[in-house]
Each structure stands twice: as C-alpha cells, then as structure tokens.
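Engineer: return atomic coordinates for the entry below.
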Amino acid sequence: MYPIETLGERIRKLRKQQKLTLETLAGNALTKGMLSLIENNKANPSMESLNYIAKRLGVEVSELLEEVSTQELRKILESAELLSNTEHNQVTDEYVQLITLVEPFVPKLTQGYESARLLEMYSKCLYIEKRDGWETFSNRAAQLYDQMNILPRRAKIGIFRASVKFVEHDYAEALKIMLQERLEIERNHAFIDPMTRIDLDYHEAVLYYAVGDAESAIRVMDNAIEFSKKQGVFYNIDSLYRLAATHAITTLDLEKAKFYSKKLELYGEFAEDEEAIYFTRLLEVHYLNAHKQSYREALRLARLNNEDYKKSKVYSPYFDLEIGKSLFGLNQYKESLESLEKVEIADYIHHPIDLSQLYERDAYIARCHLKLGSNEDALYYAKKAFDNISSMPHSPHKDFITTTYEFITK
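Structural biologist: Here you go, the predicted model:
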C-alpha cells in the first residue's frame with residue numbers, strides 16, 4: 001500500500017530525487033534548519049516560502065500542495081495496470097490487491113487522467129469481486145474522461161456497463177444500455193475518433209445479434225466495415241470479419257461467407273494471427289457438416305488441423321464439436337461421443353450464437369445415446385440441451401436442438 005505523503009515528505013522526496021542538499025535547496029531565502037523543520041512537518045512554510053521552494057525544485061506549487069501528487073498517482077497507476085492486465089486464466093487475488101492498492105486514494109481522485117483510470121479499474125474490480133458501489137466510481141471516471149475529452153476510455157466504460165448485463169444474459173437490457181451510452185457519448189463529444197467509432201459499432205452489432213435483430217446488426221456491421229476501409233483504420237477489423245462470416249454461413253449466403261472468410265484469412269497471414277486462420281478453417285468444417293453433409297471431408301479437414309487447433313483455447317471446443325458431428329454423420333456413435341464429451345463451454349462465453357452452437361453438443365450426445373440404445377441417457381441430454389436453448393433467439397442451432405428434443409420425447 002502506498003501511504004499518502006505530507007507536504008514535507010513530498011518536498012524532501014523531490015529534493016533527494018534531484019540530488020540537492022538541504023543547504024542547496026534552502027539557498028539565500030531559507031535557512032537549512034527551517035527547511036529541515038518543513039521537511040519533517042514541524043513547521044509550515046508561508047506561501048512566499050512555498051513559492052520559492054517550488055521554483056527551486058522546478059515544479060508548480062499546486063503539485064506540492066496536492067495531497068496526492070501526479071507523480072505518486074503515476075506510480076500507483078503503474079502498479080494497478082500490472083494487476084489489471086493479469087491473464088484471465090492466471091488471476092488469483094489480483095483484483096483484491098488492486099482494490100486494496102487504490103482504496104486509500106479514492107477520495108483524492110478528483111482530477112487528471114491518472115485519477116480517472118484508477119477509478120475506472122477500481123470500479124471494475126469492485127464489480128468483479130461483487131462489492132457494492134462500483135457504479136458510483138464508474139460514473140466518476142466517466143465524468144473525468146468527459147471533462148478531459150478522453151473519448152476512447154470513456155467509450156470503454158460504456159461498453160463495460162453494457163457487458164455487465166450481457167454476462168447475465170439479459171441481452172435486451174445490455175443493448176439498451178449500449179445505445180444509451182452511445183447517445184450520451186455522441187451528445188457530449190462533437191468528434192469521435194475512427195477507432196472509438198468502430199469499437200462502438202462492433203459492440204452494438206454484437207448486441208443486435210444477441211437479441212435476434214439481424215437486420216440492425218448487419219446495417220451497423222456493414223457501415224463499420226465500410227467506414228474502416230474509407231478511413232484506412234483496420235482496428236477490430238478481424239472481429240468484424242468474423243461476425244460477418246458467421247452471419248453469412250448461418251444464413252447460407254455462401255458468396256459472402258467465402259468473401260469474408262478469405263478477408264479474414266488474408267488478415268491472419270498479414271498480422272500473423274493464428275486465431276484468425278483457425279476461425280476460417282473452423283468455418284469451412286462447419287459448412288461441410290451443416291450444409292453439405294460432407295462428413296468424411298469435414299472430418300479429414302478437422303483432423304488435418306488437429307495439432308494446430310488444440311493450441312487454440314478459443315476454438316478447440318468448436319473443433320471437437322465439429323469432429324463429433326462428422327463422426328455422428330458417419331454412424332460412428334461411440335467415437336462421436338468421445339469427441340463430444342471433450343467439448344467444454346468456457347465461463348467467458350456469453351453470446352447466444354456461441355452458446356447455441358455449443359449447446360448442440362448435448363443434442364448430438366442425446367442422438368448418439370439413442371442410436372446406441374440408451375434411451376434414458378438420450379432423454380436426459382435432449383432435455384438439457386432444450387432447457388439451455390429455450391431463452392436464446394432463433395437460430396439453426398436452436399431448430400436442431402428443438403427437433404432433437406421433440407423427436408426423442410414423442
């Protein structure tokens with residue numbers, strides 16, 4: 001924990017950082033003894049003396065008078081950023097550490113970027129740790145960013161607020177918050193930089209898809225892609241291509257699916273982004289399984305990329321699912337079960353399109369058990385898949401699960 005410095009401590013620290021002796025700093029206007037008393041908080045300097053000391057140290061008087069100096073806050077911010085950037089799967093008590101680090105300074109975080117960023121991280125950690133009051137500090141951070149016209153970070157706060165409802169699977173409320181936040185941002189800022197606009201567009205399109213409003217999602221997504229090309233700004237373009245390709249393959253718009261998949265592949269090669277390339281391979285396997293019923297070719301392609309996709313934490317469950325589907329289509333039910341049972345739904349997956357696709361796992365497991373004569377197990381997994389999918393918007397995955405449940409329960 002960083003203690004809050006007194007005026008005297010701050011003067012002494014700045015003096016030592018500049019390798020000045022008491023005598024040198026005191027100069028002709030102060031005695032060495034008086035300066036020592038000031039540094040040890042045994043005497044209060046007059047404004048005249050304070051101006052003199054500040055000038056000798058090369059800082060503004062305001063920096064000496066601040067209960068927490070900008071320099072101190074920068075050190076705290078550096079430590080907080082390190083804690084905040086811990087990889088998701090490596091987090092232990094980093095969020096609690098960040099709360100403990102920032103909490104003593106919260107009343108003093110009233111101005112400047114450092115204050116805003118610390119309040120932003122502090123509020124997020126309070127939310128993650130399920131502590132009250134996170135919204136208050138989020139609002140303070142947003143107000144500071146607005147005052148300083150730091151739009152990218154202000155937008156991140158709006159996106160985070162929407163994500164709070166998104167992870168609760170209250171997609172309609174998440175979209176409502178996203179639209180409200182965007183409206184407020186556009187009202188308060190005459191100019192929105194291209195990267196921030198694309199960020200807002202992408203998350204808005206994702207949420208439109210989440211509530212089943214594909215028409216609005218496509219409009220926002222297409223506008224974002226076109227804007228990105230015109231501006232020559234390719235921030236988040238891989239995410240937009242993934243979104244566009246997924247929608248195209250789901251709606252059987254094969255020309256667009258091929259177009260965006262190729263775009264994503266080229267991006268992956270240029271940026272050396274293996275995850276982007278894995279996605280294009282997954283899309284091809286999914287198409288072969290779901291739309292061409294070319295199970296043998298799908299299985300060959302999936303296994304061809306076996307070692308690669310196992311490196312991907314994001315896409316390995318989807319490849320295991322597709323392998324399970326291929327094996328089921330080839331009447332290899334026991335082998336299909338083995339692959340399907342490897343599929344795990346990570347706790348960070350919340351979008352209904354992703355969840356609906358992965359919930360198919362249980363529907364295929366149910367069909368495998370039915371083929372193997374285990375009717376009780378078939379009914380259990382069919383109901384599990386049906387219950388999971390019931391609140392999701394319409395999709396081919398939902399249709400398949402519903403059909404499976406009705407077939408097994410008839």
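Engineer: in what helix or strand does T92 lie?
Structural biologist: Assigned by DSSP states H and E, T92 belongs to no helix or strand.
Engineer: how many other residues sit next to it?
Structural biologist: Neighbourhood size, T92 [other C-beta atoms under 10 Å]: 8. Quick note: C-beta positions are derived from backbone N, CA and C, even for glycine.
Engineer: tell me the pLDDT at it?
Structural biologist: Looking at T92, its pLDDT stands at 87.
Engineer: got the phi and psi for it?
Structural biologist: The phi/psi pair for T92 (degrees, to the nearest 10) reads phi -120, psi -90.
Engineer: any idea how far the closest residue to E284 other than its chain neighbours is from K130?
Structural biologist: Distance criterion C-beta to C-beta, 6 or more residues apart in numbering; nearest residue to E284, sequence neighbours excluded, is L301 at 6.3 Å. Counting by C-beta to C-beta, to the nearest Å, the gap from L301 to K130 is 44 Å.
Engineer: OK, contacts around K371?
Structural biologist: Residues counted as contacts of K371 (C-beta atoms under 8 Å, 6 or more residues apart in numbering) are N331, Y333.
Engineer: count the residues that sit near the residue nearest to E284.
Structural biologist: 18.
Engineer: now do the strand or helix carrying it, average pLDDT.
Structural biologist: L301 is part of helix 295-304 when elements are defined by DSSP H and E. Mean pLDDT, helix 295-304: 92.
Engineer: show me what that helix is in contact with.
Structural biologist: Residues from elsewhere that reach helix 295-304 (C-beta under 8 Å, 6+ apart): 281, 284-285, 288-289, 309, 319, 322-323, 325-327, 329-330.
Engineer: and the residue nearest to E284, how far from K262?
Structural biologist: 16 Å.
Engineer: which of the residues in the helix holding L301 are buried?
Structural biologist: By 16 or more other C-beta atoms under 10 Å, the buried positions in helix 295-304 come out as Y295, A298, L299, L301, A302.
Engineer: leaving out the residues flanking it, which one is nearest to the first one?
Structural biologist: Distances taken as C-beta to C-beta, 6+ apart place G329 nearest to Y295, at 3.4 Å, with adjacent residues excluded.
Engineer: may I have the phi/psi pair for the one you found?
Structural biologist: Torsion angles, degrees, to the nearest 10, at G329: phi -60, psi -30.
Engineer: how near is it to H169?
Structural biologist: Separation of G329 from H169 (C-beta to C-beta) stands at 31 Å.
Engineer: higher neighbour count, the two?
Structural biologist: G329 (18 against 15).
Engineer: mind listing what that one touches?
Structural biologist: G329 neighbours (C-beta under 8 Å, 6+ apart): N289, Q293, Y295, A298.
Engineer: and if we set it to 10 Å?
Structural biologist: G329 makes contact with L288, N289, Q293, S294, Y295, R296, A298, L299, S336, Y364, according to C-beta atoms under 10 Å, 6 or more residues apart in numbering.
Engineer: distance of the fifth one relative to S395?
Structural biologist: This means Y295. Going from Y295 to S395 by C-beta to C-beta gives 21 Å.
Engineer: got it, and the third one?
Structural biologist: Remark: distance between Q293 and S395 (C-beta to C-beta) = 19 Å.
Engineer: what sits up against the next helix or strand after the helix holding L301?
Structural biologist: Sequence-wise, the next helix or strand downstream of helix 295-304 (DSSP H and E) is helix 306-310. Applying C-beta under 10 Å, 6+ apart, the contact partners of helix 306-310 are 274, 277-278, 281-282, 285, 302-303, 315-320, 322-323.
Engineer: hmm, try it at 7 Å
Structural biologist: Helix 306-310 is contacted from outside by Y278, Y315, S316, F319, using C-beta atoms under 7 Å, 6 or more residues apart in numbering.
Engineer: can you tell me the element F328 falls in?
Structural biologist: For F328, the host element (DSSP H and E) is helix 316-329.
Engineer: just how off-centre is that helix within its chain?
Structural biologist: Mean C-alpha position of helix 316-329 versus that of the full chain (C-alpha atoms, centre = their mean, to the nearest Å) differs by 28 Å.
Engineer: so it versus helix 295-304, what angle?
Structural biologist: 150 degrees (axes from the mean of the first three to the mean of the last three C-alpha atoms, to 10 degrees).
Engineer: quick one: mean pLDDT for helix 316-329?
Structural biologist: 95.
Engineer: what is the burial count for I157?
Structural biologist: The number of residues packed near I157 is 22, by other C-beta under 10 Å.
Engineer: quickly find the element holding it.
Structural biologist: Here I157, judged by DSSP H and E, is contained in helix 151-166.
Engineer: returning to that earlier point: hey, C-alpha coordinates of the helix holding F328 in PDB?
Structural biologist: Only the C-alpha atoms of helix 316-329 are listed here, as PDB (Å, rounded to 0.1, in the frame of the first residue of the first chain):
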ATOM      1  CA  SER A 316     -10.600 -26.200 -29.700                       C
ATOM      2  CA  PRO A 317     -14.100 -26.800 -28.200                       C
ATOM      3  CA  TYR A 318     -15.700 -25.900 -31.600                       C
ATOM      4  CA  PHE A 319     -13.400 -28.200 -33.500                       C
ATOM      5  CA  ASP A 320     -14.100 -31.100 -31.000                       C
ATOM      6  CA  LEU A 321     -17.800 -30.400 -31.600                       C
ATOM      7  CA  GLU A 322     -17.500 -30.500 -35.400                       C
ATOM      8  CA  ILE A 323     -15.400 -33.700 -35.200                       C
ATOM      9  CA  GLY A 324     -18.200 -35.200 -33.100                       C
ATOM     10  CA  LYS A 325     -20.800 -34.100 -35.700                       C
ATOM     11  CA  SER A 326     -18.800 -35.600 -38.500                       C
ATOM     12  CA  LEU A 327     -18.400 -39.000 -36.700                       C
ATOM     13  CA  PHE A 328     -22.100 -39.000 -35.900                       C
ATOM     14  CA  GLY A 329     -22.900 -38.400 -39.600                       C
END
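Engineer: pull the contacting residues for the residue nearest the centre of the chain.
Structural biologist: The centre of the chain sits closest to F160, judged by C-alpha atoms, centre = their mean, with a distance of 7.9 Å. Neighbour list for F160: K124 [criterion: C-beta under 7 Å, 6+ apart].
Engineer: same question for S115.
Structural biologist: Neighbour list for S115: L73, L109, L144 [criterion: C-beta under 7 Å, 6+ apart].
Engineer: could you dump the contacts of G329 to JSON lines with distance to G212?
Structural biologist: Rendered in JSON lines, the data for the contacts of G329 read as follows (distance: C-beta to C-beta, whole Å):
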{"residue": "L288", "distance to G212": "26"}
{"residue": "N289", "distance to G212": "24"}
{"residue": "Q293", "distance to G212": "27"}
{"residue": "S294", "distance to G212": "29"}
{"residue": "Y295", "distance to G212": "30"}
{"residue": "R296", "distance to G212": "34"}
{"residue": "A298", "distance to G212": "28"}
{"residue": "L299", "distance to G212": "32"}
{"residue": "S336", "distance to G212": "30"}
{"residue": "Y364", "distance to G212": "24"}
